[in-house]
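Peer 1: Fold the following, please.
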Amino acid sequence: MRLDCCRLGKEFKTRQGQVIALEEVTFSVGEREFVCIVGPSGCGKTTLLKLIAGLQQPTSGRIAFDTNPVDGQPRSAMVFQEQGIFPWMTVLENVAFGLEMQGVGRQERHHQARTFIEKVGLADFAHSYPHQLSGGMRQRVAITRAFLADPQILLMDEPFGALDAQTRLVLQEELLRIWREHQKMVVFVTHDIQEAVLL
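Peer 2: Residues are numbered from 1 along each chain as shown. Have a look, this model is predicted:
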C-alpha cells in the first residue's frame, strides 16, 4: 500500500478570520515505511494526521491510497499523546477492542489480545484497569491495541510526549521492536528531533 498526500491545505474559520493550519503539504509513504514528521507545537502536525485518518477534510489538495482495506480491516488507527484507552475496561478488553469492532468473537479476540499483551510485558496486568497502571504502561496498551486492530496505516500523534525521558526511551525501542515484527506503515509526528532521528 502507498499513501500520497498532494498539495494538502487546511484552513479553519475563526472569529478573527481564516487560520491556515496547513499549506501545500506534499509527501508519500510507501508500504511498511516508518516516517517521522517533525515540527514545533502548533504547526499543524495533528491536523495532518486527522486529515489522513479521514476525521477532517482538506480545504485543498488530495489524499490518495493505492489500495483499499480488506473486509473488516480499518484504514487507520491513531495513538495520541493522551492515552486513548477506556478507563472502564481492563487491559485485556482495551487491547481487544479493535477486534471487537471488527466482529471477531470474544474467545478469539481475547486469545489474540493475550498473545500481544505477553509480547509487551503486560501479562501480569491483563485484568488491571488503566488507573492501576503507570503512564508508560497505559501508552503501551494504546500502542498494542492499535497494532492488533491491523490497520493499513498507524498514525501516532506524539505518543511519548508526556512521558519521562527514561520511559520514553524504553517505549521507543518497544515500538520499533513491534514494528519490525508487524511491518505496518507508520506516520509518527513529534516535536523532538532526537526522537525522530532514533525512530
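Peer 1: Just the residues contacting the helix or strand hosting residue 142, thanks.
Peer 2: Assessed by DSSP states H and E, residue 142 sits inside helix 135-148. With contact meaning C-beta atoms under 8 Å, 6 or more residues apart in numbering, helix 135-148 is reached by 77-80, 83-85, 91, 94-99, 112-113, 116-117, 119-122, 125, 130, 133, 154, 159-160, 162-163, 167, 170-171, 174-175, 178, 182, 184. Just so you know, the C-beta spots here come from the backbone N, C-alpha and C atoms, and that holds for glycine as well.
Peer 1: Determine how far it lies from the middle of the whole chain.
Peer 2: 10 Å (C-alpha atoms, centre = their mean, to the nearest Å).
Peer 1: going forward, begin numbering at 29 instead of 1
Peer 2: I'll keep to 29 as the first residue from here, and by that count the last item is helix 163-176.
Peer 1: how about the helix or strand following that helix as PDB, C-alpha atoms only?
Peer 2: Sequence-wise, the next helix or strand downstream of helix 163-176 (DSSP H and E) is strand 181-185. Extracted in PDB, the C-alpha atoms of strand 181-185 (Å, rounded to 0.1, in the frame of the first residue of the first chain):
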ATOM      1  CA  ILE A 181      -1.700   2.700   8.400                       C
ATOM      2  CA  LEU A 182      -0.800   3.600  12.000                       C
ATOM      3  CA  LEU A 183      -0.900   7.300  12.900                       C
ATOM      4  CA  MET A 184       0.900   8.300  16.000                       C
ATOM      5  CA  ASP A 185       0.500  11.800  17.500                       C
END
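Peer 1: What is strand 181-185 packed up against?
Peer 2: Contact partners of strand 181-185 among helices and strands, from 3 or more C-beta pairs under 8 Å, 6 or more residues apart in numbering; DSSP states H and E: helix 73-81, strand 104-107, strand 213-218.
Peer 1: From residue 178, how far out is residue 154?
Peer 2: 20 Å (C-beta to C-beta, to the nearest Å).
Peer 1: How about residue 130?
Peer 2: For residue 130 relative to residue 178 (C-beta to C-beta), the value is 8 Å.
Peer 1: quick one: contacts of stretch 220-227?
Peer 2: So stretch 220-227 is in contact with 62, 64, 65, 66, 188, 189, 196, 200, 203, 204, 216, 218, going by C-beta under 8 Å, 6+ apart.
Peer 1: can the helices and strands packed on strand 181-185 go into JSON lines with extra columns for mean neighbour count?
Peer 2: Formatted as JSON lines, these follow (neighbours: other C-beta atoms under 10 Å):
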{"stretch": "helix 73-81", "mean neighbour count": "21"}
{"stretch": "strand 104-107", "mean neighbour count": "22"}
{"stretch": "strand 213-218", "mean neighbour count": "23"}
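Peer 1: for this protein, what's the longest helix?
Peer 2: helix 193-210 (DSSP state H).
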